[in-house]
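# Need coordinates for the below:
(one chain, ligands or ions: 1)
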Amino acid sequence: MEKAEQNIVHFVKEKEENKIKMQLIVLMGIMSTISFITLLVVVCIYTKVISVPVKGVLILIACTIFAIGIIAMMVGGRTFGYYKCSCCGETFVPNFINFATGINVVAMRRMKCPHCGKRNWCKKALTKKEDDEDESERM
Ligand SMILES: [Zn+2]
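So this is what the prediction gives:
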């Protein structure tokens, strides 16, 4: 009885944590994209005012911010939550190569399932248990 309660607490906690992580990652992605575009726009608008070395530095900074944002999204997106195989229904955490080479469409990613070995569209799941997105939408 007590153990079951603990499991529920852990389950809810994990779900909440993953939700926050996902929001942070999305926020980071948006922010890095905005700063990237802003810096490029600045370079384009003030192209006559800014000297060439400064331009180069600004573009370098813009690309660095963008790269960090993408890496954070890739690393962060892999390390929290799970992916659910649409063939066997197993949830799993993909390894980096599997993740990086997978095609990503919103919350779906085409990856090889470690359980059944089939390459299929895997859905992002916040918890290891059954997909409860419908439940969270109702809340
Ligand atoms: Zn599978």
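# Pretty sure Asn120 sits in a helix.
No: judged by DSSP: H, G, I helix; E, B strand; the rest coil, Asn120 forms no part of a helix; its state is strand.
# Show the pLDDT at it.
pLDDT, Asn120: 89.
# which residues sit in contact with it?
Asn120 makes contact with Cys85, Ser86, Cys87, Arg110, Met111, Cys113, according to C-beta atoms under 8 Å, 6 or more residues apart in numbering. For the C-beta atoms, the positions are set from N, CA and C on the backbone; glycine is no exception.
# For Gly102, give me phi and psi.
Phi and psi for Gly102, reported as degrees, to the nearest 10, are phi -70, psi 150.
# now the strand or helix carrying Lys21: how far from the chain's centre is it?
In this assignment (DSSP states H and E), Lys21 forms part of helix 2-45. The chain centroid and the centroid of helix 2-45 are separated by 8 Å, computed with C-alpha atoms, centre = their mean, to the nearest Å.
# Tell me which helix or strand comes right after it.
helix 52-79.
# And the next helix or strand past that following helix?
Sequence-wise, the next helix or strand downstream of helix 52-79 (DSSP H and E) is strand 82-84.
# Counting by contacts, list what that following strand packs against.
strand 91-92, strand 119-125 (3 or more C-beta pairs under 8 Å, 6 or more residues apart in numbering; DSSP states H and E).
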